[in-house]
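>>> sharing a model prediction with you, sequence too.
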Amino acid sequence: MSRLELDPDRLFPAEQRLRELARTIHQRVDRRPIVSPHGHVPAQWLSADEPFTDPASLLVTPDHYVTRLLHAHGVPLRELGLGPDPAPPREVWRTFCRHWWAFRGTSSRTWLTTELVDALGIDRRPDADCADELFDKISAHLAGSELRPRALYHSFGIDVLATTDDPASDLGAHRTLAADPSWSGRVVPTFRPDRYLDVGSPDWATRLDELAGASGMEIASYRALVVALEQRRSYFADNGATATDYGPIDAGSERLSPEVAEALFTAARTGIADDGDLARLRRGLLFEHARMSSEDGLVMQLHPGVLRNHHRPTFERFGPDTGHDIPLASEFTLALRPILDAFGTNPRFRLVLFTVDETTFSRELAPLAGFYPSVFLGPPWWFLDTPDGLLRFRRAVTDTIGFYKTSGFVDDTRAFCSIPARHDVARRTDARYLAELVDAGELPLDEAMDVAEHITTQLPLDVFRLT
Amino acid sequence: MSRLELDPDRLFPAEQRLRELARTIHQRVDRRPIVSPHGHVPAQWLSADEPFTDPASLLVTPDHYVTRLLHAHGVPLRELGLGPDPAPPREVWRTFCRHWWAFRGTSSRTWLTTELVDALGIDRRPDADCADELFDKISAHLAGSELRPRALYHSFGIDVLATTDDPASDLGAHRTLAADPSWSGRVVPTFRPDRYLDVGSPDWATRLDELAGASGMEIASYRALVVALEQRRSYFADNGATATDYGPIDAGSERLSPEVAEALFTAARTGIADDGDLARLRRGLLFEHARMSSEDGLVMQLHPGVLRNHHRPTFERFGPDTGHDIPLASEFTLALRPILDAFGTNPRFRLVLFTVDETTFSRELAPLAGFYPSVFLGPPWWFLDTPDGLLRFRRAVTDTIGFYKTSGFVDDTRAFCSIPARHDVARRTDARYLAELVDAGELPLDEAMDVAEHITTQLPLDVFRLT
Amino acid sequence: MSRLELDPDRLFPAEQRLRELARTIHQRVDRRPIVSPHGHVPAQWLSADEPFTDPASLLVTPDHYVTRLLHAHGVPLRELGLGPDPAPPREVWRTFCRHWWAFRGTSSRTWLTTELVDALGIDRRPDADCADELFDKISAHLAGSELRPRALYHSFGIDVLATTDDPASDLGAHRTLAADPSWSGRVVPTFRPDRYLDVGSPDWATRLDELAGASGMEIASYRALVVALEQRRSYFADNGATATDYGPIDAGSERLSPEVAEALFTAARTGIADDGDLARLRRGLLFEHARMSSEDGLVMQLHPGVLRNHHRPTFERFGPDTGHDIPLASEFTLALRPILDAFGTNPRFRLVLFTVDETTFSRELAPLAGFYPSVFLGPPWWFLDTPDGLLRFRRAVTDTIGFYKTSGFVDDTRAFCSIPARHDVARRTDARYLAELVDAGELPLDEAMDVAEHITTQLPLDVFRLT
């Protein structure tokens, strides 16, 4: 049997003096509450508080970081619990355990180890031999009260958790939680109108009908769409939302005249718009959302540059979010100029930028956040939210913007148990980076400690207007 | 006299604990056989087994890493032994020795030092004073039997060596070797059809005639070209090839209908195709090769993104491969979508991707290899196949895909003696990277040792289907 | 009170053996003269030699690295001393001191600390409490003779300082200095014709009139413009210039026929040129300047890829150079091909390339400088001229081109007191990088010492033809 262990000094630098500095800095933040201002955990899990049933359903099937790499090693998605004819959880778990070697060196390995050891009390490495034993042990453990969603929320030390929600949602789970006197946590919705900005989708008209239903008004014009969106933003804000989020294929924005906007809307609605029209309408709507943010103060998060559903056969069979969203080269300087020209120095407006293209860290993102008071940088996203990715981000942007124009860590996860694991990685990596600055004489230790403390909890609360 | 020495701990990290870990890991792989699945050493050298004559012809003139940097310091290419009126080897060697300082800090310096010390037994640094002495000493040494190509093949510990060959080649040297009972090595050809994919070349028609001659059939249509290529692939496979290779200016692919393909072929053949037509035909042929790979199982290697022969006056005088092939920004996500949509999950299909644009490591390559079972990542290529380039590659991709979706090291060299030197750099760099993972608590030592061993020999054998 | 201190080992690596190597190497260059071949300090400061009045005017208002980050934290530019109604220096200084925390981790913090401690004798960290005390102390100090511009020039150890000048300038301050027998320094002008290459500017015609005035000739044709520029280049060379400099939005060049050039000139002059025409004319003029450089031997510096004045409202109120010049993705391989095809191997021609897009370091810049004898790489520029940026540059290019195809450090600053601070960072970072090469067995210490010494002073003198 091979032991599964968590090194208390994990992710710290090797050199002894640096390591001690990193430890000292990390101790200051290790037990701080978790602020999770953007993620994909369903509020329903917390409102219903039903126990998780087994380790495959908890750790494997919902984590597309895990399923994509197993698929890359030839495992069909159905054997991972996905699609119309999924394998049963025990078989999924066996498959996962048999491929534990595939995760060597990956950040998933780091997160999963933390989850297994810290949250689930496992002390041996998954492999084919122990798969059933682990399955039974974890399943039994999950049946207990201390591993239910609400109990985990508290034991993880979460202070606030933001979900991601469709503007047509009635936010029922959020309202249930808010009305529940036995619930002492804080779960807030986030307004994510991607389905309505994706104006070239064949479903767009249907989606507008859904939005019309939710907002109780007809949407027969650009102007009506804007009013409906404003109405839903207001509903979200009334239910605790402080932010919106957008995931367009590029960051392009354009200020449209009312006449042009209506003409493009009509062309899109009647199916006569060409690709250029559709792109302009999408970019016009992004600009419009920035305008709304500058008025209602909801923080605008932008996650551009991912080509969704790269492999059409997989999409057709298994749907979205199945591991083949692939990044594209991104551009921000020209793309965001219309928005920043109009609202960049407006104190109500706030824009948090994320990227899957790390070339933009030093080239565009830090320069933009280093001038515009409205712009903050989210941490490295998706393929970059890893120990080395976090370090490359700090190295690329801190020289220009320091720490206080970043947003603090954002876990952005669908895997509930990975929340503390991901924040742990971020805190350790920041401690490592700060230790290096201290040792290199660039920052005194007392200031580094202040930075570590501030960026862990207070900074994300401030940036996302959660205070 | 200044001694030329090889540090036994070269390329290992400085910190003592890390260095010891790196040593331990490296010891496991230091003497493992070399698998060289892609390179440019002529099979003829091994079939003829004639001695090399002098150090300039062995180390300088054929190594465009060396000649390009000397040219950048103002040395005319003819003084390096190139072109119609080359300087004699002794003068080339003197020029090289006089410029030894120019290589300080370069990977060529690292490789050359290993070659001079390890393969040639030299213990002083080249300079103007000792040039003649070194020339005579090495020349004498080369005349001996232990430095002939076959002897070097064995003393380098090469297990298998793949060459790069034109589809019209009769693979005579490979066949000679295969028929030679005194030859115990393994040299396999690689099918590289670039000359026939370069459909805009003024020589294209002449090249098709050569291919027609080799395949014994007329090539008057797209369909005939495809059949001729299939026939030659089959001939290559029969002579030991397991892989093909492509070096287009971009990675673009397109599925053409038979009618469109024929029309584009005719337009190109008759000289009436415009740039857009030529690009579509080239991309259609790349797609066609992917289709063939999915049927015959030859591994498809893709080396895109280099603008060949940047300086026209040098090209006109000295020909190709003279040091002025310059990279371009590369794109894979959109470019490969047609191929991957069609064959990405086909178990016969395998695609090994290389890049000279390191921005694609984390942005496109790791995400693609992290989903598609057919896709593997070759190591950093050309300007990036250096100690620091190898480390940047591991740091950029391992978090997402681990080790087992990379191909293991590929030397891709024209400089025969640099093969062990380049593998040595790769093994030491991997040992360093693994040592860092171990020390940071991300991977237990026993697993790191397994990884090191596997990626050194077995992984490239598997990925390139050489088993 | 919190002490402000300079760590004598700042920016050196943590590991003890590496640190000692870095110290040893750094000692060799620590007190070497400063060669500053490109920057923005006005020659007028040295010719007039008037004392600086206060720390805000010296350290804050003219340093757009400082003002942009304070603006990003919500400080209006007028409170930093900019624009038509600037706050008085004491208030600017208070604002700066109150925001000292914002610079934690930035390179500005590193430079400012060096300036405050080394040049101005301050030993406590700026904060709201001590702002007035520091203001008074520094102001008094500046009134003394040892902190006047000429005294600082000498105490900084500057050997030669190049300014940046408009071709229409009479170089009055340079001529005054040259004629002053009490002045023993060396200040040379640099020919920067951006205003005349920006052919799409509404002011272009007016600018040509200025140039016509300076050159004493009418400029009614492309040919006349070229002759006027040649005449001014000659005037600059006669007054000590050894270099020119260009900051176009991209690096594009094109060889225009005389007929096309005249037609484009006429179209631009008469306002009928479209965007494509204007781009061609601009690129044609860049090519023309390369042709001139190949004849008069003035070194051509190229600083492309920055979108100037991103935020129009700020530009309209505060003018250029106010912190919102934002980089764009850059391309060199295709862009420079016309120039390099024509002049790349011409021994009179020299091109020093700078970039704000670090993706081009390994992909395009090192490959170009690694072949063309005319091409050298300037150090990381602007958002990249930081401790970590300098290190990333060395790591990305040295494997391919070593040290001797880079230009040595270039401070490129408007902040006079930051000159020694910036060179100090560069020397320490190079010492660190060289120490790593030595420890990794890639370069013997004696060669590393030679490199450090050569790249600090002699290399920039040679590359910029200042010898």
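Nice, thanks for sending it over.

>>> does the closest residue to chain B within chain A count as helix, strand or coil?
Closest residue of chain A to chain B, C-beta to the nearest C-beta: A:Asp7 (2.8 Å). Any C-beta I mention is one placed from the backbone N, CA and C, and that applies to glycine too. The three-state label for A:Asp7, taken from DSSP: H, G, I helix; E, B strand; the rest coil, comes out as coil.

>>> repeat that for the one 5 residues further on.
Three-state secondary structure (criterion: three-state DSSP) places A:Phe12 in coil.

>>> pLDDT score for the closest residue to it other than its chain neighbours?
Nearest non-adjacent residue to A:Phe12, counting by C-beta to C-beta, 6 or more residues apart in numbering or on different chains: A:Ala22, 4.3 Å away. In this prediction, A:Ala22 carries a pLDDT score of 98.

>>> and whichever residue of the stretch 351-467 of chain A sits closest to chain C, backbone torsions?
Chain C sits closest to A:Gly441 of the stretch 351-467 of chain A, with a gap of 2.8 Å, by C-beta to the nearest C-beta. As for A:Gly441, its main-chain torsions (degrees, to the nearest 10) stand at phi 70, psi 20.

>>> rewinding a little: test my guess that the residue nearest to A:Phe12 contacts A:Glu15.
No. Counting by C-beta atoms under 8 Å, A:Ala22 stays clear of A:Glu15, with 9.8 Å between them.

>>> check the burial of the residue nearest to A:Phe12 by counting its neighbours.
26 (other C-beta atoms under 10 Å in any protein chain shown).

>>> quick check: which element contains it?
For A:Ala22, the host element (DSSP states H and E) is helix A:16-29.

>>> by contact count, what packs against the helix or strand just after that helix?
Counting by DSSP H and E, the next helix or strand C-terminal to helix A:16-29 is strand A:34-36. If you count contacts as 3 or more C-beta pairs under 8 Å, 6 or more residues apart in numbering or on different chains; DSSP states H and E, strand A:34-36 packs onto strand A:158-162, helix A:418-439.

>>> so A:Ser139 touches A:Asp54, yeah?
Yes. Counting by C-beta under 8 Å, A:Asp54 is a contact partner of A:Ser139 at 4.6 Å.

>>> show me where chain A has its strands.
A:34-36, A:158-162, A:187-188, A:243-246, A:299-302, A:306-307, A:326-327, A:351-353, A:375-377 (DSSP state E).

>>> looking at the ones you listed, spot the one closest to B:Ala143.
strand A:326-327 (55.0 Å; C-beta to C-beta).

>>> run the contact check for that closest one versus chain B.
Yes. Judged by C-beta under 8 Å from any C-beta of the partner chain, strand A:326-327 comes into contact with chain B at A:326-327.

>>> swap in stretch A:387-399?
Yes. Residues of stretch A:387-399 contacting chain B under C-beta under 8 Å from any C-beta: A:387-389, A:392.

>>> next one: A:Gly157 from A:Val438, what distance?
Separation of A:Gly157 from A:Val438 (C-beta to C-beta, to the nearest Å) stands at 26 Å.

>>> now swap in A:Arg175 and tell me
A:Arg175 is 47 Å from A:Val438, by C-beta to C-beta.

>>> okay, these two: which has more neighbours?
A direct count of neighbours by other C-beta under 10 Å for A:Arg175 and A:Val438 places A:Val438 higher, at 24 against 15.

>>> who's in contact with the more buried one?
Residues near A:Val438 by C-beta atoms under 8 Å, 6 or more residues apart in numbering or on different chains: A:21, A:25, A:444-445, A:448.

>>> got the buried residues for stretch A:181-190?
A:183, A:186-190 (16 or more other C-beta atoms under 10 Å in any protein chain shown).

>>> can you give me every residue that contacts the closest residue to A:Gly81 other than its chain neighbours?
Among residues not flanking A:Gly81 along the chain, A:Thr61 sits closest, at 3.6 Å (C-beta to C-beta, 6+ apart). For A:Thr61, the contacting residues are A:67, A:80-82, A:86, A:89, A:92, by C-beta under 8 Å, 6+ apart.

>>> so which of those residues comes closest to C:Arg125?
A:Thr67 (50.6 Å).

>>> tell me how many other residues surround the closest one.
25.

>>> ok, it touching A:Arg78?
No. Using C-beta under 8 Å, A:Thr67 makes no contact with A:Arg78, being 10.7 Å away.

>>> any idea how far apart the tips of stretch A:449-458 sit?
End-to-end distance for stretch A:449-458, by C-alpha to C-alpha, to the nearest Å: 14 Å.

>>> kindly report the same for stretch A:172-192.
First-to-last distance for stretch A:172-192 - C-alpha to C-alpha - comes to 16 Å.

>>> and if you look at stretch A:356-367?
End-to-end for stretch A:356-367, by C-alpha to C-alpha: 17 Å.

>>> for the most centrally placed residue in chain A, give me its contacts.
With distances taken as C-alpha atoms, centre = their mean, the residue of chain A nearest its centroid is A:Asp412 (1.9 Å). Under the criterion of C-beta under 8 Å, 6+ apart, the neighbours of A:Asp412 are A:38-40, A:381-382, A:385.

>>> ditto for A:Leu120
A:55, A:138, A:141, A:147, A:417.

>>> try it again with 6 Å
A:Ile138 (C-beta atoms under 6 Å, 6 or more residues apart in numbering or on different chains).

>>> if I look at it, how far off is A:Thr386?
22 Å.
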